[in-house]
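Q: Provided below for reference: sequence and predicted model.
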Amino acid sequence: LFDDALLDVNIDRWLGKDINFIHGPSIGEAMVVHYDRMERDTQSVRLRKQRLGMLEDVSLSYANQRLVQDVGANALGTQLDSNNFALSAVLPYEALRMSVGAEAILDNAETLVASEQDYYATYLNLEYPLGDFLLNGGVRGNWWSTRQQLLEGSNATLAQSLLGISGSTPEMDVSSPTWALGAVYPLNNEQNLALNVSTTYRNPDLYERYAFGSVLGGGLDMVPEEGRNLEASWKYLDQHLAMTASVFYSEFDNFITTKTVRQLTNAQGLQNCIQAGLCNPVSGDFNGRENEFFTQYVKYYNAAHVTNQGAEFSARYDRNEHDARIALSYNDVKSDDIFVVANSQPLRMNLSYKYRFAHEWKPWLMMKLEYATDTPEVQQAGGFESYLVANLYAGMKVDHFLLTAGVGNIADTVYHQPYSGINALARHFFISVTYDWDTTY
């Protein structure tokens with residue numbers, strides 16, 4: 001029964017203390033969030049079998065992830081647990097290949113209340129060759145159930161008058177099918193063209209609806225995100241060279257995103273600043289004192305209508321001692337909602353070249369370049385300047401030890417990522433040592 005079976009087991013634990021995050025379009029408007037403790041534990045197991053009766057590529061998996069955030073030495077903290085079950089298999093019938101599967105994701109979060117959301121899905125995908133074309137399509141059923149329960153010791157009477165992370169929320173059930181259709185046309189043995197159309201439908205997850213930590217959820221006002229997608233792509237592959245190019249366009253209703261909400265808390269102080277000629281609310285200039293007059297927080301919400309269009313290109317040449325790669329991408333997000341444009345990403349290029357030396361220690365040297373333009377325009381306070389950053393890495397393998405070292409931002413360039421309120425890392429160094437038991441490496 002298990003002659004062609006493979007079992008994968010993974011355990012990953014991560015712990016961080018005194019962690020700071022920054023959110024905002026500029027230094028003056030940025031909000032700094034401090035976590036005294038963050039913990040992420042992940043365990044997963046997957047059983048794969050090549051053939052089981054009439055079925056092929058059978059996969060059964062389970063994964064659990066636990067996230068914990070604590071703010072303040074005596075804080076109760078917040079916790080998110082996610083359990084994921086998945087089953088899939090392929091059922092071939094002559095030239096037709098049918099992929100079937102089921103999935104369940106059970107999430108629960110503890111903030112001031114206990115929030116739960118169950119997601120169940122079943123799907124069927126088909127592939128069928130017709131002449132020179134390979135046709136594919138599928139349908140997926142989606143079901144969500146969301147509810148809240150009071151924590152032990154909570155005031156039930158008070159909770160009934162509150163909503164969200166402070167009270168209780170009526171149970172909500174949402175369901176909708178999604179579908180996809182596509183076709184692949186081979187130009188020759190090395191390259192093909194593909195066209196795909198699909199729909200998306202996604203209920204807000206617990207973090208987006210209720211949130212925890214520094215970000216507020218959208219609560220009962222949040223509705224599912226719906227989308228329609230179109231993508232065309234070209235692929236080339238031979239023994240040494242691989243290239244992919246694609247263009248895509250999507251339309252979304254009730255797009256799920258975040259915005260920074262600002263509330264005036266010191267009206268008299270702001271009035272005095274305006275009268276002294278130091279603050280100008282019209283231009284948004286508060287002389288670096290905005291935090292004295294306002295409080296800010298980040299909140300999830302739905303944007304009514306959003307379009308996203310863009311393109312990607314990647315190529316890799318790998319032969320003997322040479323390994324060269326390039327990737328180009330951009331996406332332009334448009335909406336009447338001014339907060340959504342920050343989801344756009346300008347044209348960005350990543351270029352790397354790796355040289356492998358002929359030696360028993362397998363030494364290598366790699367240079368990486370990252371270049372970003374201002375197209376589409378990055379709409380943020382203070383504007384955005386294009387940048388070019390260079391990084392250098394080297395490594396080798398001595399017996400079972402893998403040694404890697406590098407210098408990031410060699411030229412010590414001062415720059416910041418799009419829509420980031422602070423500068424990126426200055427010149428920095430690192431070294432890592434890994435012990436690998438795999439003698440075939």
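A: Received it, and whenever you're ready, just let me know what you need.
Q: can you list the buried residues in stretch 104-120?
A: 105-120 (16 or more other Cβ atoms under 10 Å). Bear in mind the C-beta positions are built from the backbone N, C-alpha and C, glycine included.
Q: inside strands: which ones of those residues?
A: Members of these lying in strands (criterion: DSSP state E): 105-110, 114-120.
Q: tell me the secondary structure at V223.
A: Following DSSP: H, G, I helix; E, B strand; the rest coil, the label given to V223 is coil.
Q: next one: it from Y201, what distance?
A: Using Cβ to Cβ, to the nearest Å, V223 is found at 11 Å from Y201.
Q: same drill for the two, tell me which one is more crowded.
A: With neighbours defined as other Cβ atoms under 10 Å, V223 and Y201 compare such that Y201 has more, 17 against 14.
Q: the residue lying closest to that one once chain neighbours are set aside: how many residues sit nearby?
A: In this structure, Y201 finds its nearest non-sequential neighbour in S176, 4.3 Å apart by Cβ to Cβ, 6 or more residues apart in numbering. Using other Cβ under 10 Å, the number of residues around S176 comes to 16.
Q: likewise L220?
A: Count around L220 with other Cβ under 10 Å applied: 12.
Q: pretty sure N192 contacts A232?
A: No - between N192 and A232 there is no contact under Cβ atoms under 8 Å: 11.7 Å.
Q: what residues are up against the residue nearest to Y201?
A: S176 makes contacts with N142, Y201, P224, as judged by Cβ atoms under 8 Å, 6 or more residues apart in numbering.
Q: ok, it to R356 distance?
A: On the measure of Cβ to Cβ, S176 and R356 end up 50 Å apart.
Q: and for A114?
A: Remark: distance between A114 and R356 (Cβ to Cβ) = 53 Å.
Q: likewise for F133?
A: Remark: distance between F133 and R356 (Cβ to Cβ) = 40 Å.
Q: now E225
A: Taking Cβ to Cβ, one finds E225 at 45 Å from R356.
Q: what's the helix or strand where R37 lies packed up against?
A: Element membership of R37 [criterion: DSSP states H and E] is strand 31-52. Using 3 or more Cβ pairs under 8 Å, 6 or more residues apart in numbering; DSSP states H and E as the contact definition, the elements that strand 31-52 packs against are strand 5-23, strand 55-70, strand 294-319.
Q: swap in 10 Å and give it another go.
A: strand 5-23, strand 55-70, strand 78-93, strand 294-319 (3 or more Cβ pairs under 10 Å, 6 or more residues apart in numbering; DSSP states H and E).
Q: quick one, it and strand 78-93 angle?
A: For strand 31-52 against strand 78-93, the angle by axes from the mean of the first three to the mean of the last three Cα atoms, to 10 degrees is 30 degrees.
Q: mean confidence for strand 31-52?
A: For strand 31-52, mean pLDDT rounds to 86.
Q: CA atoms of it as CSV?
A: Output of strand 31-52 as CSV, limited to C-alpha atoms (Å, rounded to 0.1, in the frame of the first residue of the first chain):
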residue,chain,number,x,y,z
MET,A,31,2.6,55.3,13.0
VAL,A,32,5.1,53.1,15.0
VAL,A,33,3.8,49.9,16.6
HIS,A,34,5.7,48.1,19.2
TYR,A,35,5.3,44.4,20.1
ASP,A,36,6.9,43.1,23.3
ARG,A,37,6.6,39.5,22.0
MET,A,38,5.6,37.8,18.8
GLU,A,39,5.5,34.0,18.2
ARG,A,40,4.7,31.9,15.2
ASP,A,41,4.6,28.1,15.4
THR,A,42,3.9,25.9,12.3
GLN,A,43,3.5,22.2,12.1
SER,A,44,2.5,20.3,9.0
VAL,A,45,2.3,16.7,7.7
ARG,A,46,1.6,15.6,4.1
LEU,A,47,1.2,12.1,2.7
ARG,A,48,1.6,11.7,-1.1
LYS,A,49,1.0,8.6,-3.1
GLN,A,50,1.5,8.2,-6.8
ARG,A,51,-1.3,5.7,-7.4
LEU,A,52,-4.3,4.4,-5.4
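Q: and the spatially closest residue to Y330 that is not a sequence neighbour, helix, strand or coil?
A: Of all residues not flanking Y330 in the chain, L347 sits nearest, at 4.2 Å (Cβ to Cβ, 6+ apart). Here L347 takes the strand state, with states given by three-state DSSP.
Q: right, and L347 touches D374 too?
A: Yes - under the criterion of Cβ atoms under 10 Å, L347 makes contact with D374 at 8.5 Å.
Q: is the residue lying closest to R13 once chain neighbours are set aside in a bridge, and if so with what?
A: Counting by Cβ to Cβ, 6+ apart, R13 lies nearest to D41, which is 5.2 Å off, once chain neighbours are set aside. For D41, the beta-bridge partners under DSSP bridges are R13, R66.
Q: number of residues surrounding D41?
A: D41 - counted by other Cβ under 10 Å - has 15 other residues nearby.
Q: got the buried residues for the host helix or strand of N291?
A: Assessed by DSSP H and E, N291 sits inside helix 290-293. By neighbour count on 16+ other Cβ under 10 Å, the buried set for helix 290-293 is E290, N291, F293.
Q: out of those residues, the closest to Y435 would be?
A: Of all the buried residues of helix 290-293, Y435 sits closest to N291, with 47.4 Å by Cβ to Cβ.
Q: tell me the contacts of L388?
A: M349, L369, E370, Y371, A372, A411, T413, Y415 (Cβ atoms under 10 Å, 6 or more residues apart in numbering).
Q: no, scratch that, I was asking about S88
A: Residues in contact with S88 (Cβ under 10 Å, 6+ apart) are 48, 55, 57-61, 99-103, 123, 125.
Q: make JSON lines out of the residues you listed and add neighbour count and distance to V341.
A: Shown next, in JSON lines, are these (neighbours: other Cβ atoms under 10 Å; distance: Cβ to Cβ, whole Å):
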{"residue": "R48", "neighbour count": "15", "distance to V341": "43"}
{"residue": "L55", "neighbour count": "15", "distance to V341": "47"}
{"residue": "D57", "neighbour count": "16", "distance to V341": "42"}
{"residue": "V58", "neighbour count": "18", "distance to V341": "45"}
{"residue": "S59", "neighbour count": "16", "distance to V341": "40"}
{"residue": "L60", "neighbour count": "14", "distance to V341": "43"}
{"residue": "S61", "neighbour count": "16", "distance to V341": "38"}
{"residue": "S99", "neighbour count": "18", "distance to V341": "38"}
{"residue": "V100", "neighbour count": "15", "distance to V341": "40"}
{"residue": "G101", "neighbour count": "16", "distance to V341": "37"}
{"residue": "A102", "neighbour count": "13", "distance to V341": "38"}
{"residue": "E103", "neighbour count": "17", "distance to V341": "33"}
{"residue": "Y123", "neighbour count": "19", "distance to V341": "34"}
{"residue": "N125", "neighbour count": "17", "distance to V341": "35"}
